[in-house]
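S.K.: what would the 3D arrangement of this be:
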Amino acid sequence: MATPFSFSHTCALVGGLALFLYGMERALEPLRQARRYPFRAVVRLAAGSSLAAALAGLLAAVSLQGSAAISVLLIGLVEGGVLTLRQAMAVILGAGVGTAVTAHLIAFDLGPFALVLLAAGFLVRQWRRGTRWRWAGNLLMGLGFVFYGMHLLRLGAEPLGGSAHLARLFAAAEAPILLFLLAALLTALLQSATATLGLAMALATTSASGAGAPPSVLLPVQAVFPIVMGASVGTSATAWLASLRASRRGRQVALAHLLLKVAGVALFVPLIAPGARLVAGVSDCFVSAPGSAAGGATARAVANAQTLFALVCLGVLLPAVPLLARGVGRLLPVRQDAFAVARHLDAGLLKAPDLALAAARREVADIGAAVLAMSQQAREAFLREDAGPLAAVAATGEEVARRVVAVTRYLTEVATDSLTPAQAAEQQALLYIARDLAYIADEVDRDVGGNVARLAGSGASLSVEGTREVLDFWREIEGNLEATLAAFARRAAEAADPVLEYERQIEHRREALWQAHLRRLRAGIRATEETATLHMNLVSALRKLHYFIAHLARKLRQGLDDRAERDI
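M.R.: Just a heads-up that it's a prediction; the model follows:
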């Protein structure tokens, strides 16, 4: 005789689900806070090949205990230009496999040991001091809540094994679409495919072990696949919610997420019957549930079904990611805006100051790299005594000027009313740095490049010693520009100090070059006599160039210090 469903069973179901979700969040919190956790390494892995990106998605989904949160992170990474749409789609496919790994973990009936994990985590937090021990204690307590929540779900679902309504619902051959829709809706509401799979495992375990339950009440393995596929599609709701305030690039990620999930379901529908036989056979080899009838599902069968579905989607859709990405681009093209001249700016991010400032920072860093390349090209023209490379220097200078105007306008249009003091300081610092980069580019193009062009057009050459001295001076100045840009990239204010120290000593350096030049003039070296004025004009231009570099380093030092004070 079936156990009647009571108020206590309702409390066990609701409370178990709450503990399960709370435990997942509690276990996730220390992973987010752990400084040594390699999120940067995962992002670098995702920026590689499609296979590497899929592996990154698997690792991230296991760490975040689900794939729904991955879509939110991907929207920000694609909007910020860290990842491309193709790489994001590969990560999504890998995250599906990561969800299967999590499903296998919660399929273990560790209810009796859950309280042990909770106690161990509590004792670690109370008796041991330090960040690492607190990290470990939170993780243990989170896992304890997850497993105890699953235990309560199984207890609360036990009377459902004799329900005639469930018997009709689980007749998957008659109404698989109903199971699919229910799983998708539940996943969208809970924003967790893992939670939906956990409920399916609780019902499957109950159906397989319900005392006195007729065989028709058993959850068929075929019914598991509509639930798995519905949960997969339901995760798209999280991506769509996260993309409501995003730019078109972010909405492309949400559309790609839905497209991949729907395509996976369409591919797997013809494979449900053979897949059910395979899952049943594999599950029977490892799990022998007392009282289960042929065709009855178990918690392990649910995890195996999720694994099979995810692997098929990964194997079939991963090679097609480039084609699918182009299709998404055509369905939802990214419109050109006033910042089209820039490489990293997106008008859709202006309402999100943190993302907008990150995009502006990447743009400024890219401009800095272009300015450094201008100096290197001009130095190459000087060394070759050929004005040809200076055309590229001028072209890059014009592009830098346009990009500086774009990034300046972009920074002034950021939603300043929602900026924190630290963000406002960074906004101001970026404006100053962009302006100084424009000055440096103009100096390289007009003054330094102009002197190199006049020297090349004169038909004369500096003396061997004079050429070596100018090149050494030029390389020192370029090295200081590189150091300043590196300090900006690493946000390391102290890295700009050597540049400022060099500026304080540069007059002595220039005086030494003057004296060496005068000695060659007195010695009557012909090359020195022919290029006397051009030589010293070039040295003066390089000295002026360093003035702007030192000014940039000073503003960078001040901006980073101000930001650090506001962060404190």
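S.K.: pick out the residue nearest the middle of this protein.
M.R.: Leu77 (4.1 Å; Cα atoms, centre = their mean).
S.K.: part of a helix, is that residue?
M.R.: Yes. The assignment for Leu77 (DSSP: H, G, I helix; E, B strand; the rest coil) places it in a helix.
S.K.: thought it was touching Ala88?
M.R.: Yes. Applying Cβ atoms under 8 Å as the test, Leu77 and Ala88 come out as touching, 7.0 Å apart. The C-beta positions use only the backbone N, C-alpha and C, and glycine is treated the same way.
S.K.: Asp472: neighbour count?
M.R.: Applying the criterion other Cβ atoms under 10 Å, we find 12 residues in the vicinity of Asp472.
S.K.: what is whichever strand or helix holds Phe225 packed up against?
M.R.: Secondary structure here is read from DSSP states H and E; on that basis Phe225 sits in helix 221-234. Here helix 221-234 touches helix 176-190, helix 193-209, helix 248-268, helix 272-286, helix 299-317, going by 3 or more Cβ pairs under 8 Å, 6 or more residues apart in numbering; DSSP states H and E.
S.K.: buried stuff in the third one?
M.R.: This points to helix 248-268. Judged by neighbour count using 16 or more other Cβ atoms under 10 Å, the buried positions of helix 248-268 are 248-261, 264-265, 268.
S.K.: what's the separation between the residue nearest to the centre of the chain and Ile92?
M.R.: Between Leu77 and Ile92 the distance, using Cβ to Cβ, to the nearest Å, works out to 12 Å.
S.K.: can you check Glu443 too?
M.R.: Taken as Cβ to Cβ, the spacing of Glu443 relative to Ile92 amounts to 47 Å.
S.K.: which of those two has more neighbours?
M.R.: Ranked by neighbour count (other Cβ under 10 Å), Glu443 and Ile92 place Ile92 first, with 30 against 23.
S.K.: before we move on, what SS does the more buried one have?
M.R.: Here Ile92 takes the helix state, with states given by three-state DSSP.
S.K.: could you measure from it over to Glu398?
M.R.: As judged by Cβ to Cβ, Ile92 and Glu398 stand 40 Å apart.
S.K.: and the strand or helix carrying Leu241, which residues are buried?
M.R.: The secondary structure element spanning Leu241 is helix 236-242 (assigned by DSSP H and E). Counting neighbours by 16+ other Cβ under 10 Å, one finds that the buried residues in helix 236-242 are 236-239, 242.
S.K.: which residues of the stretch 151-300 of the chain score low on pLDDT?
M.R.: 151, 153-175, 190, 203-219, 242, 244-247, 283-297 (pLDDT under 70).
S.K.: what sits against Ile433?
M.R.: With Cβ atoms under 8 Å, 6 or more residues apart in numbering as the criterion, the residues that contact Ile433 are 364, 488, 552, 555-556, 559.
S.K.: go with 7 Å
M.R.: Shown here is Ile433, whose contacts under the criterion Cβ atoms under 7 Å, 6 or more residues apart in numbering are 364, 488, 552, 555-556.
S.K.: gap between it and Asp442?
M.R.: If you go by Cβ to Cβ, the gap between Ile433 and Asp442 works out to 15 Å.
S.K.: likewise for Ala359?
M.R.: Plainly put, Ala359 is 24 Å away from Asp442 if you go by Cβ to Cβ.
S.K.: okay, those two: which has more neighbours?
M.R.: The residue with more neighbours, out of Ala359 and Asp442, is Ala359; 27 against 15, by other Cβ under 10 Å.
S.K.: can you pull the domain assignment for this structure?
M.R.: Under the assignment automatic domain parsing, the domains of the chain span 7-159+168-331, 347-567.
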